[in-house]
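below is the sequence, then the predicted model.
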Amino acid sequence: MSKIIRVLGIETSCDETAAAVVENGRHILSNVVASQVSLHQPYGGVVPEIASRAHVESAQAVVEAALKGQAPRGQAPFPKTLPVDVIAVTVGPGLMGSLLVGKVVAEMLAWIYQKPMVPVNHLEGHLLSILPGNPDLEPPFLALVVSGGHTELVHVLDYGRYHILGRTRDDAAGEAFDKVSKLLGLGYPGGPAIDRLAAKGNPKAVAFPRAFLADGWDFSFSGLKTAVVYHLRDHPEILATKKKVADVCASFQAAVTEVLVKKTIAAAEKLNLRHIVLCGGVSANTALREAFAEHHKKHRVHTAAPALCTDNGVMIGVAGYYKYLRSAKKRFSPDALSVDSTLALKNW
Ligand code: KG4
Ligand code: ZN
């Protein structure tokens, strides 16, 4: 029987303090997330200083709860023996102060308990977040990462071998959702708010532009966002009627969805890849999931449970496991462990 390796995944790159224990990259033993949404809501977006302070306040309880496989219950001391073999932590991309908190917590645990520590790229975490619950899914596959900070179409050739086919040239898809939500007075985070209201609206009410950028696999969402700005400027009465706001939500969402789906399916056909993985916070979107599901016969489209689409510790535990396997013989140098707020997805 192969050896069981349990990885503690720690994720603090943005506004969720998260930790999880994952066995052999596929089996979730615990998953704890302390959301900071209520702290940032009054400001309409994530405030970096508030985020790092909140990580400091909840990191110990979250990690403790994950190690015990339960929800946070306060500031109990860490167990005498750490029930994991490896500690994986997000080292970028993300907010500098937030990343540093996770890294220091991971470093402290690794030093005290003498466990190996593995640095994980947040985007690699999203790419592999689909693996728990999918015992047979292995690279190669095509992945669409759609989050608050990134929109990237990635050919996952193998674990640790990623070829970025295209990315957004301006706003990320989630960023567009958040900005449009703000314009419509729906607050933060915008994606779930638009998703809910769009269900009551007409996706054909407003013909917003679709930027297909025919010269490759890149995306662009800033033109669509500007089109929403002009539409609201020309029709200010919309904001007074919930049904009309719902129509704008549905029409905006339809424009984002159509571009994401058509480009991803076209790339899968061109590369002859049957498996498509949707990941990142926006992949929780109902319309996007439904639109991809229509292509299910020809392409096997994989979406994780919504809780694994947004930031979490499981994805870091999964990516950390595969990274540990391919680098188990060497210890990570201090350089590899330094945090980098702009870290790109790379092969390492
Ligand atoms: O992956 P994630 O949790 O954090 C980053 O790595 O950025 O993604 C957060 C983004 C936010 O922009 C949020 O509005 C969006 O994901 N999001 C959604 C939905 N749930 C979260 N966007 C559309 N529909 C949703 N249901
Ligand atoms: Zn993320």
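Thanks, I have the structure now. Residues are numbered from 1 along each chain as shown. Ligands and ions are numbered 1, 2, ... in the order given.

could you say which helix or strand contains the residue of the stretch 1-150 of the chain found nearest ligand 1?
Residue nearest to ligand 1 within the stretch 1-150 of the chain (CB to the nearest ligand atom): Gly148, separated by 2.8 Å. For the C-beta atoms, the positions are set from N, CA and C on the backbone; glycine is no exception. In this assignment (DSSP states H and E), Gly148 forms part of neither any helix nor any strand.

spatially nearest residue to Leu288, not counting backbone neighbours?
Among residues not flanking Leu288 along the chain, Thr257 sits closest, at 5.0 Å (CB to CB, 6 or more residues apart in numbering).

please report how far the one you found lies from ligand 2.
Distance of Thr257 to ligand 2, computed by CB to the ion, to the nearest Å: 19 Å.

one step back: over to the residue of the stretch 1-150 of the chain closest to ligand 1: give its phi and psi.
Backbone torsions of Gly148, given as degrees, to the nearest 10, read phi -70, psi -30.

begin at 619, not 1, for the rest of this chat.
With 619 as the first residue, the last one maps to Gly766.

and this protein, what are its domains?
624-750+927-944, 759-921 (automatic domain parsing).

is ligand 1 contacted by the longest helix anywhere in the chain?
Using DSSP state H to define each element, the chain has its longest helix at helix 860-889. No - with CB under 6 Å from any ligand atom as the criterion, ligand 1 is not reached by helix 860-889; the gap is at least 7.7 Å.

same check, this time on stretch 894-905
Yes - counting by CB under 6 Å from any ligand atom, contacts between stretch 894-905 and ligand 1 involve 898-900, 902-903.

select from the residues you listed every entry located in helices.
Going by DSSP H, the helices hold none of the residues of stretch 894-905 next to ligand 1.

take those residues and lay them out in JSON lines including neighbour count.
Shown next, in JSON lines, are those (neighbours: other CB atoms under 10 Å):
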{"residue": "Gly898", "neighbour count": "30"}
{"residue": "Gly899", "neighbour count": "26"}
{"residue": "Val900", "neighbour count": "28"}
{"residue": "Ala902", "neighbour count": "22"}
{"residue": "Asn903", "neighbour count": "27"}
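
which bits of this protein sit near ligand 2?
765, 929 (CB under 5 Å from the ion).

residue of the stretch 719-868 of the chain nearest ligand 2, please.
Ser765 (4.3 Å; CB to the ion).

determine the number of other residues adjacent to Asp754.
If you count neighbours by other CB atoms under 10 Å, Asp754 ends up with 4.

double-check that it belongs to a helix.
No - counting by DSSP: H, G, I helix; E, B strand; the rest coil, one finds Asp754 to be coil, located in no helix.

roughly how far does the residue lying closest to Pro666 once chain neighbours are set aside sit from Thr921?
Nearest residue to Pro666, sequence neighbours excluded (CB to CB, 6+ apart): Leu713, at 4.9 Å. Separation of Leu713 from Thr921 (CB to CB, to the nearest Å) stands at 27 Å.

more neighbours: which of these two?
Comparing Leu713 with Thr921 by neighbour count (other CB under 10 Å), the higher total belongs to Leu713, at 23 against 19.
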